[in-house]
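Enquirer: Sequence plus the predicted model coming up.
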Amino acid sequence: MRKLFVLTVLCGFFINGFVSFVCAEDKDCNELSGWLIYPEKENSPVVQEVECGEEKIFRIVDYSGKIIASMPVPRLSKGYELNHGECQLDGVIRNDIIAIVRHSGKKEISTDVLNAWVADPETKSFRPIPVKGLSCFNTGYGI
């Protein structure tokens with residue numbers, strides 16, 4: 001079942017250019033983290049990072065708890081980490097962006113962004129976006 005799940009993600013990505021499907025099997029999943037996509041709005045959907053067996057998955061969940069989109073957590077190249085809810089596009093902080101970023105301990109904001117996606121409840125997908133103009137806060141800065 002897990003191999004079919006991963007295959008569905010890959011096919012959705014290659015065919016559509018973005019991931020848009022729902023994980024029906026949720027029995028074995030544990031939530032690791034989560035954040036509001038639109039913190040200023042009432043009943044904002046959330047992005048959750050969950051662990052299902054040995055797989056980690058991001059998913060968009062509406063205010064009623066319905067899963068509306070899922071995407072496997074990307075594998076990270078050496079020196080890179082995930083940023084979410086802490087990135088800005090052209091100077092505007094965006095809670096709907098998930099990015100793979102390389103941080104320097106000497107900088108508070110990083111522009112070395114490898115890939116990025118928008119958690120988009122309207123299209124029920126995680127859409128890849130260009131990284132030009134994207135920067136992310138280094139939460140480890142100054143520690």
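Expert: Received, thanks.
Enquirer: switch to C-alpha atoms for all contacts and neighbour counts from now on
Expert: OK.
Enquirer: do you know how far the closest residue to G105 other than its chain neighbours is from S104?
Expert: Using CA to CA, 6 or more residues apart in numbering and skipping the chain neighbours, the partner closest in space to G105 is Y141 (5.7 Å). Distance of Y141 to S104, given as CA to CA, to the nearest Å: 8 Å.
Enquirer: Pairing-wise in the sheet, spell out the partners of I93.
Expert: Beta-bridge partners of I93, counted by DSSP bridges, are Q88.
Enquirer: Show me where the protein has its helices.
Expert: Taking DSSP state H as the test, the helices found in the chain are 2-16.
Enquirer: For the protein, just list every one of the strands.
Expert: For the chain, the strands defined by DSSP state E cover 29-36, 46-52, 55-61, 67-72, 81-84, 87-89, 92-94, 97-101, 109-110, 113-120, 125-128, 134-137.
Enquirer: Need the winner for burial among those strands.
Expert: Stretch with highest mean neighbour count among the strands of the chain: strand 97-101 (a mean of 25; mean count of other CA atoms under 10 Å).
Enquirer: which residues are contacting that one?
Expert: 76, 80-87, 110-119, 136 (CA atoms under 8 Å, 6 or more residues apart in numbering).
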